[in-house]
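Asks: Okay, here's the prediction I keep looking at, along with the sequence it came from:
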Amino acid sequence: MTVKLVRNSMVVAISVMVLSIGLFLGMLYQYFTDKLMDELKTEVTLVAQGVELQGQDYLNGLQTENRITWVDGDGTVLYDSVADASTMESHADREEIKEAMTVKSGTAQRYSTTLSEQTLYATKRLSDGSVIRMASGQHTVGLLLLSMAQPILIILLIALLICVGLATQMSQRLMQPILDLDLEHPENCETYDELVPLLGRMRRQNDTIQRQINLLRQRQQEFSALTENMSEGFLLLDKKGHVLSYNAGALRLLGAQKPEGEVNALVLNRSEQFRGAVEDLLHGQKSQRCIELGGRYCNILVNPVLEDGELTGGVMVLLDVTEQEQREELRREFTANVSHELKTPLTSISGIAEIMKSGMVKPEDIQGFAADIYQEAQRLIALVEDILRLSQLDEGVVNLEREPVELLSLANEVVRRLDTTAKKRNITLTATGVSAQIQGVRRVLDEMIYNLCDNAIKYNRDGGRVTITVEKTEKGICLSVADTGIGIAPEEQNRVFERFYRVDKSHSKEIGGTGLGLSIVKHGAMLHEAQIQVNSQENQGTTISILF
Amino acid sequence: MRDRFNEQLEQLNVELIKMGALCEEAISAAAKALLENDAKLRETAYAVEREIDQSERDIENLCMKMLLQQQPVARDLRAISAALKMISDMERIGDQAADIAEITKDIGENSVTGRIPLAEMARGAIGMVTDSVESFVRKDLELAKQVISKDDEIDALFDEIKRELIELIGKGDSGEVCIDLMMIAKYFERIGDHAVNVAEWVEFSMTGQHKQ
């Protein structure tokens, strides 16, 4: 900018100078020529008078810078102060001489061949008809300019210096307010008037930008509030596999730490399935994969985003399906178990019936086989009854007529029913405690206590003890069944309430039972909003307490 | 030019993460094949080992290309040379995992495996490999140092296993299986050493200093 300003001011300075020199030279040149001519005329008049009085002697004694020529009436040069008169040609045809011949005096301005320069002439006719001429050389404009070259150059130099100084100052003055502009608050700046429209536009633009930023920030906040609070994981990748956006759920499900800066998706997780999912996405394929991470199952939905058939990135949604997966497994186990349990007695019945059908059984043995069939059928019935009861409890369709139930008397009733079974194995079965009444479904409560006691007897050692205790605690009424049996290992204590779960799988056949007893207890407790506690030590015994 | 180089560096990083993940898979497959005597996992270990070899060649080519075409200096050069060293350690981890899987074929079900802390050692070695890869992925100097210090635990476990196996052989109890298990333990110990090397290269690529 400064350079441009210097150049411009220099152009102005030089052109002003050239114009003024031209003007002065044009005007002054004419003025000086006229002056010179007047002087010549005066001088020639004086010289003419001198020559009239003294003749050539006057000329010889004359001291002058100008050239003097004395031309006779016929044009012959009689005297010349510069050249030799005898060698000079006739001057009769010279313009100024001719003029003097006719009107006594004359002037002319032309190039002199004798002096070889632009010359001014003035002539005067004497009384004898001869003519006196005086000539003065005239400097041309070029010569004048040349003689002025030095001062002109000095002036130019000074002008240049002034221009540089002024231009620098000017550009600084122009630029300083612009440099000092507060871009955030342009309206507070002190500047010159020409900048005001610019500042106005800046302010308006600032406002627009601020509005848009606010809008974007709001959108961003809404978006992150939505994504952060969803339990599903959310990952946004670009076409190179870099993570553009993620939510806390995604990090949690992938077991990753908060990444720093822009990272590749593989930094979050590098398991085989996740790598496959990222590959799918980068190849523009939709897919769904299930990965297992630290015991949890996670479903990954891969959705590539295509624009004009070209991949621009993709979205991954991660769903925690651990519970579904576990439920699914439980369901599979239950189905497998129930079919197995139902099939075992049926196989026996069918086998025995087949033998009897083929007539291979002696009539006296039929009774024994029939007893077997009866026993197996009873087992089947018990099993189906249990399943039915359980599904009733599951569905909640059981007759839910609640009534006041006295637990201790109910326990005593159960003890009476199971007494024979207990005696067979020499087990002491007792019910103790205080009388306590709760609101409940009698049939369900009876089943619960019966099943607990039944289990306590089954999994007891011969000559052991089973004690039902009813007590009132500060937390509520507690019914507990304690045995001195085989106990339950700590890792299995949670599983015993699952349907068909057997602690000791190899001996379940001889012990009998359906594997549904504790499951019924659990559902019954749920129905009565009671809590079950298992306290057991292997080979020491088990206490199962129900807190109503 | 620099963009292209950055792209290549990024690609190198991703390839290394993938190779590290493959190593983790190979060793956990081998350990499971050993502890659960699962023939399918044995095959997995072989397959992953082949993938690791391929991966090593690919990364080596990439590194050479970068060294020749870009002539990197300072930090970039360090990253590439560390990568070159890292892949040879990772490749060894893969090989040893496959070796373990190979031996499991001979020993099969036996009563000795459960009596020595081999499962613990396998867990330790897997943990070290995982952590060394993780320290590379996250550029976590602290984790790399942890891996380096964890090597002593594995070494101590190896000594313990050795002592117990000597005792078992002394009792004249299944000598062949004992020697096989001894080799497996040695492989796990070597895997631990390689994991330490990887961690040291991570440290080198980040700080420029190599542990003496």
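Replies: Nice, I can see it.
Asks: List the contacts of residue A:105.
Replies: Counting by CB atoms under 8 Å, 6 or more residues apart in numbering or on different chains, residue A:105 makes contact with A:41, A:44-45, A:99, A:122-125. In short, each C-beta sits where N, CA and C put it, glycine included.
Asks: which one of the residues you listed sits closest to residue A:109?
Replies: Within the contacts of residue A:105, the smallest distance to residue A:109 is 10.1 Å, found for residue A:122 (CB to CB).
Asks: List the contacts of the residue lying closest to that closest one once chain neighbours are set aside.
Replies: Nearest residue to residue A:122, sequence neighbours excluded (CB to CB, 6 or more residues apart in numbering or on different chains): residue A:40, at 3.7 Å. When contacts are counted by CB under 8 Å, 6+ apart, residue A:40 touches A:66, A:107, A:120-122, A:134-136.
Asks: give me that answer again for 6 Å
Replies: With contact taken as CB atoms under 6 Å, 6 or more residues apart in numbering or on different chains, residue A:40 is in contact with A:120, A:122, A:134, A:136.
Asks: near chain B, which residues of chain A?
Replies: Applying CB under 6 Å from any CB of the partner chain, one finds that chain A approaches chain B through A:264, A:266-267, A:270.
Asks: does the residue nearest to residue A:122 sit in a helix or strand, and which one?
Replies: Using DSSP states H and E, residue A:40 sits in helix A:2-54.
Asks: same deal with residue A:478?
Replies: Using DSSP H and E, residue A:478 falls in strand A:476-483.
Asks: can you check residue A:234 too?
Replies: If you go by DSSP H and E, residue A:234 is part of strand A:233-238.
Asks: would you put the C-alpha positions of that strand in PDB?
Replies: Extracted C-alpha coordinates of strand A:233-238, given in PDB (Å, rounded to 0.1, in the frame of the first residue of the first chain):
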ATOM      1  CA  GLY A 233     -24.500 -47.100  22.300                       C
ATOM      2  CA  PHE A 234     -24.200 -44.800  19.400                       C
ATOM      3  CA  LEU A 235     -21.100 -44.400  17.200                       C
ATOM      4  CA  LEU A 236     -20.700 -42.200  14.100                       C
ATOM      5  CA  LEU A 237     -17.700 -43.000  11.900                       C
ATOM      6  CA  ASP A 238     -16.400 -41.300   8.800                       C
END
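Asks: on contacts alone, who are the packing partners of it?
Replies: Other elements packing on strand A:233-238 under the criterion 3 or more CB pairs under 6 Å, 6 or more residues apart in numbering or on different chains; DSSP states H and E are strand A:243-246, helix A:248-254, strand A:310-320.
Asks: after the second one comes which helix or strand?
Replies: This points to helix A:248-254. helix A:265-268.
Asks: Show me what that next one is packed up against.
Replies: The contact analysis (3+ CB pairs under 6 Å, 6+ apart) places helix A:265-268 against no helix or strand.
Asks: Pull out the buried positions in the helix or strand that that helix is followed by.
Replies: Next helix or strand after helix A:265-268 toward the C-terminus (DSSP H and E): helix A:272-282. For helix A:272-282, the neighbour count (16 or more other CB atoms under 10 Å in any protein chain shown) marks A:272, A:274-275, A:277-278, A:280-282 as buried.
Asks: Name the nearest residue to the residue of the stretch 201-350 of chain A found nearest chain B, sequence neighbours excluded.
Replies: In the stretch 201-350 of chain A, the residue that lies nearest chain B is residue A:270 (3.7 Å; CB to the nearest CB). Nearest residue to residue A:270, sequence neighbours excluded (CB to CB, 6+ apart): residue B:21, at 3.7 Å.
Asks: Quick one: find the helix or strand in chain A with the lowest mean pLDDT.
Replies: Least confident helix or strand, chain A: helix A:508-511 with a mean of 58, by mean pLDDT, DSSP states H and E.
Asks: any idea which helix or strand comes after it?
Replies: Taking DSSP H and E, what comes next after helix A:508-511 is helix A:517-527.
Asks: I figured residue B:103 was touching residue B:182, is that so?
Replies: No: under the criterion of CB atoms under 6 Å, residue B:103 makes no contact with residue B:182, lying 10.1 Å away.
Asks: any idea whether the residue of the stretch 351-500 of chain A found nearest chain B is helix, strand or coil?
Replies: Using CB to the nearest CB, the closest approach of the stretch 351-500 of chain A to chain B is made by residue A:491 at 17.3 Å. Judged by DSSP: H, G, I helix; E, B strand; the rest coil, the three-state class of residue A:491 is helix.
Asks: Just give me the neighbour total for it.
Replies: 7 (other CB atoms under 10 Å in any protein chain shown).
Asks: Poorly predicted segments of chain B, please.
Replies: Under the criterion pLDDT under 70, the flagged ranges of chain B are B:1, B:112, B:173, B:211-212.
Asks: and the residue nearest in space to the middle of it, what does it touch?
Replies: Taking CA atoms, centre = their mean, the centroid of chain B lies closest to residue B:93, which sits 3.5 Å from it. Neighbouring residues of residue B:93 by CB under 6 Å, 6+ apart: B:23, B:191, B:194.
Asks: my guess is the last one meets residue B:89, correct?
Replies: Yes: the criterion here is CB under 6 Å, and residue B:194 meets it with residue B:89 at 4.4 Å.
Asks: Those two: who's more crowded?
Replies: residue B:194 (24 against 21).
Asks: Which residue does chain B have closest to chain A?
Replies: Nearest residue of chain B to chain A, counting by CB to the nearest CB: residue B:21, 3.7 Å away.
Asks: Then that residue would be within a helix, right?
Replies: Yes: Residue B:21: assigned to a helix according to three-state DSSP.
Asks: so it sits right up against residue A:267, yeah?
Replies: No: using CB under 6 Å, residue B:21 is not in contact with residue A:267; the gap is 11.2 Å.
Asks: one step back: name the member of the residues of chain A next to chain B with the most neighbours.
Replies: Neighbour-wise, the residues of chain A next to chain B (other CB under 10 Å) top out at residue A:270, 26 neighbours.
Asks: would you turn the buried residues of helix A:272-282 into JSON lines with pLDDT?
Replies: Formatted as JSON lines, the buried residues of helix A:272-282 follow (pLDDT from 0 to 100):
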{"residue": "A:272", "pLDDT": "83"}
{"residue": "A:274", "pLDDT": "86"}
{"residue": "A:275", "pLDDT": "87"}
{"residue": "A:277", "pLDDT": "86"}
{"residue": "A:278", "pLDDT": "87"}
{"residue": "A:280", "pLDDT": "87"}
{"residue": "A:281", "pLDDT": "86"}
{"residue": "A:282", "pLDDT": "86"}
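Asks: Fine by me, we can end here.
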